[in-house]
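Fold the following.
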Amino acid sequence: MKTALFNQRKHALLRTLLPLFLFTAILLLFFSWRAMGAESASTLQKRLTALETRWGHLQIGGDLSLSAEYFNSHYNKPHSMSFAENSHLYLDAQVDRNFRLYLLLAQESTFGSTNIPFYLDEVSFRYLNPQFLSDLGRFRFTLDPLGLIADHSTVPVEGIAFQTGGDSWYLGGYYSRQLSSYFLNDGEHFTFGPAGTNTLRSDDEIAFRLAFVQPKYMAGITVSSLNNGASRIADREARKIDASVTISPQRINSIAVDFGLEAHGGNLQAEAAWYPRFDRDGNRTGGSVGWLISWAKPLPDAAGFTAKAWSFPEAFTPYYSIIGASNNHDNLMIGNSSGLIGEYQKNLAKGWDLRTQTGLIYLNNETPFSSDSPDLVFSSRLIKSFSALTSLEMGFDWGFQPVDSGEARYSRFIIKTTTFF
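Numbering: from 1, shown residues only. Have a look, this model is predicted:
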């Protein structure tokens with residue numbers, strides 16, 4: 001009896017303690033999970049806040065262009081029809097109040113050819129305050145206003161640039177490290193020397209510009225010094241072929257003066273530059289002066305007019321110049337020529353824009369493709385904007401391209417669509 005009574009009391013106690021134990025465990029787990037959940041929520045909130053803070057200083061964008069082009073040249077035959085895709089992806093990060101990081105990826109490919117992957121086209125670390133601006137890395141930059149001797153809009157600067165100034169003055173400059181090869185081939189022997197095909201190279205370029213700014217005019221001077229010739233790499237390669245060959249780099253120094261003022265209701269800019277002249281043996285034989293004048297005036301009804309006149313002698317061949325970018329679709333000027341071009345811009349019906357250039361160009365040298373009389377050049381673009389981010393462009397060009405034997409006439413039909421994102 002005692003054993004049975006003890007077992008009954010034991011089972012009753014267990015029935016009482018078990019629910020109490022379970023209830024206590026549930027309470028402990030609940031408060032533990034609540035504390036863990038609160039901690040996790042706090043950590044997640046901190047991460048989201050940090051991400052939002054960084055994202056607020058980050059800008060991502062890009063563009064995509066698809067084009068079809070028919071190019072007809074008197075020099076390059078047969079004529080070609082090409083389809084191309086050009087795209088860019090850029091990242092602009094505001095690191096803090098004074099520092100920014102800019103990165104641009106680019107891809108250019110022609111349909112039917114091997115696709116070229118994205119490459120790093122520009123990357124720049126920028127420091128900015130009210131009186132000073134500096135860029136470090138690889139970036140496009142033009143120092144002189146019209147870009148005769150210090151234009152890196154096509155070939156980016158690889159180095160550092162700075163700009164500073166006050167109410168009445170401006171000082172800017174850059175150092176660029178460019179590397180390329182310098183090889184000469186006379187058609188029979190691989191040689192280093194003045195004969196044969198000369199591929200210029202340039203490195204260790206330094207340029208400075210000082211300008212004086214007044215309310216109604218601006219005047220400045222730009223100096224550029226670069227290394228034209230062979231680097232230590234080319235010198236070493238030359239010695240492998242002939243131990244007696246020595247290649248010495250050669251400095252090319254050029255200078256430009258410019259001014260700008262208001263004239264007849266428009267903005268007048270002019271620049272003249274001196275560039276050294278060399279003979280076939282690499283000896284300097286004086287220099288040549290090239291000049292460019294531009295006058296731009298806004299017109300009523302959302303229109304504008306620009307006139308350009310220039311003269312670039314045969315020996316005026318700056319390495320980093322707007323002349324070197326003359327094969328693009330927006331520039332009819334080429335080296336070794338003189339000319340006058342007028343450009344008219346007009347906003348037509350809603351979403352339609354017209355840009356037309358026409359003028360006369362005189363080729364300085366005698367080539368099979370030129371004549372003693374001035375020749376007509378022409379370019380026109382009709383642009384339809386479907387929105388602020390998407391447009392369709394149709395155009396025709398009739399101009400000249402630099403070739404080995406001088407300049408050759410070409411015509412181009414192009415249609416292109418561009419989308420920004």
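
Does residue 377 touch residue 400 like I think?
Yes: using C-beta atoms under 8 Å, residue 377 is in contact with residue 400, at 6.9 Å. In short, each C-beta sits where N, CA and C put it, glycine included.

okay, and the common contacts of the two?
Contact criterion C-beta atoms under 8 Å, 6 or more residues apart in numbering; residues shared by residue 377 and residue 400: residue 361.

Which of these two has more residues huddled nearby?
residue 400 (28 against 21; other C-beta atoms under 10 Å).

separation between the more buried one and residue 361?
According to C-beta to C-beta, to the nearest Å, residue 400 stands 7 Å off from residue 361.

which neighbours do these two share?
334, 337, 375, 377.

I'd assumed residue 374 was in contact with the second one.
No: counting by C-beta under 8 Å, residue 337 does not reach residue 374; the two are 9.8 Å apart.

where do the contact lists of those two overlap?
361-362.

what bridges to residue 170?
Counting by DSSP bridges, residue 170 forms beta bridges with residue 165, residue 211.

got a list of what it touches?
Applying C-beta under 8 Å, 6+ apart, the residues contacting residue 170 are 163-164, 209-213, 220.

so what pLDDT did it get?
On pLDDT, residue 170 comes in at 94.

Check residue 208 too.
96.

Is there a neighbour count for the closest residue to it other than its chain neighbours? I'd like the number.
Leaving aside its sequence neighbours, residue 208 sits nearest to residue 173 (C-beta to C-beta, 6 or more residues apart in numbering; 4.0 Å). Neighbourhood size, residue 173 [other C-beta under 10 Å]: 19.

which parts of the host helix or strand of residue 173 are buried?
Using DSSP states H and E, residue 173 maps to strand 169-176. For strand 169-176, burial by neighbour count (16 or more other C-beta atoms under 10 Å) applies to 172-174, 176.

Can you tell me which of those is nearest residue 158?
Residue 158 lies nearest to residue 176 out of the buried residues of strand 169-176, by C-beta to C-beta, at 5.6 Å.

From residue 85, how far off is the nearest residue to residue 86 once chain neighbours are set aside?
Closest residue to residue 86 apart from its sequence neighbours, by C-beta to C-beta, 6+ apart: residue 65 at 4.5 Å. The gap separating residue 65 from residue 85 is 7 Å, by C-beta to C-beta.

Looking at those two, which is more packed in?
residue 65 (17 against 14).

same for whichever helix or strand the more buried one is part of, what does it pack against?
Here residue 65, judged by DSSP H and E, is contained in strand 58-73. Under the contact definition 3 or more C-beta pairs under 8 Å, 6 or more residues apart in numbering; DSSP states H and E, strand 58-73 sits against strand 80-94, strand 406-420.

which neighbours does that strand have in its sheet, and in what orientation?
Short version: by DSSP bridges, strand 58-73 pairs with strand 80-94 (antiparallel), strand 406-420 (antiparallel).

got CSV for these, with distance to residue 384 too?
Shown next, in CSV, are the strands paired with strand 58-73 (distance: least, C-beta to C-beta, whole Å):
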stretch, distance to residue 384
strand 80-94, 19
strand 406-420, 10
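
Pick the most buried one from the ones you listed.
strand 406-420 (a mean of 17; mean count of other C-beta atoms under 10 Å).

how about the CA coordinates for that one, as CSV?
The C-alpha trace of strand 406-420 is given here as CSV (Å, rounded to 0.1, in the frame of the first residue of the first chain):
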residue,chain,number,x,y,z
GLY,A,406,48.4,63.0,-98.6
GLU,A,407,44.6,63.4,-98.2
ALA,A,408,41.8,61.4,-99.9
ARG,A,409,38.2,62.3,-100.5
TYR,A,410,35.6,60.2,-98.7
SER,A,411,31.8,60.1,-98.2
ARG,A,412,30.0,58.6,-95.3
PHE,A,413,26.3,57.7,-94.6
ILE,A,414,25.5,56.9,-91.0
ILE,A,415,22.5,56.1,-88.9
LYS,A,416,22.9,55.7,-85.2
THR,A,417,20.7,55.2,-82.1
THR,A,418,21.9,56.2,-78.7
THR,A,419,20.4,55.3,-75.3
PHE,A,420,21.5,56.6,-71.9
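
Quick one: the strands in the stretch 1-150 of the chain, in order.
Taking DSSP state E, counting those that start in this stretch as the criterion, the stretch 1-150 of the chain carries its strands at 58-73, 80-94, 99-110, 119-129, 132-142.

again with the stretch 251-400 of the chain
Counting by DSSP E, counting those that start in this stretch, one finds strands in the stretch 251-400 of the chain at the ranges 266-278, 284-299, 303-312, 337-347, 352-363, 375-385, 390-403.

Residue 168 contacts residue 212, doesn't it?
Yes: applying C-beta under 8 Å as the test, residue 168 and residue 212 come out as touching, 6.3 Å apart.

Between the two, point out the one with more neighbours.
residue 212 (13 against 10).

Could you check how far the more buried one is from residue 251?
For residue 212, the distance to residue 251 (C-beta to C-beta) stands at 28 Å.

One more: residue 104?
31 Å.

what about the two, which has more around it?
residue 104 (20 against 12).

thought the more buried one was touching residue 137?
No: Residue 104 is beyond contact range of residue 137, at 10.5 Å (criterion: C-beta under 8 Å).

Now for these two: what residues contact both?
The contact lists of residue 104 and residue 137 share 122-123, where a contact means C-beta under 8 Å, 6+ apart.

I figured residue 383 hits residue 415, correct?
No: with contact defined as C-beta under 8 Å, residue 383 does not reach residue 415; the gap is 11.1 Å.

mind showing which ranges of the stretch 301-421 of the chain have poor pLDDT?
324-330, 365-373, 403-406 (pLDDT under 70).

Residue 299 bridge partners, please.
Listed by DSSP bridges, the beta-bridge partners for residue 299 are residue 303.

So it is in contact with residue 305, correct?
Yes: under the criterion of C-beta under 8 Å, residue 299 makes contact with residue 305 at 5.9 Å.
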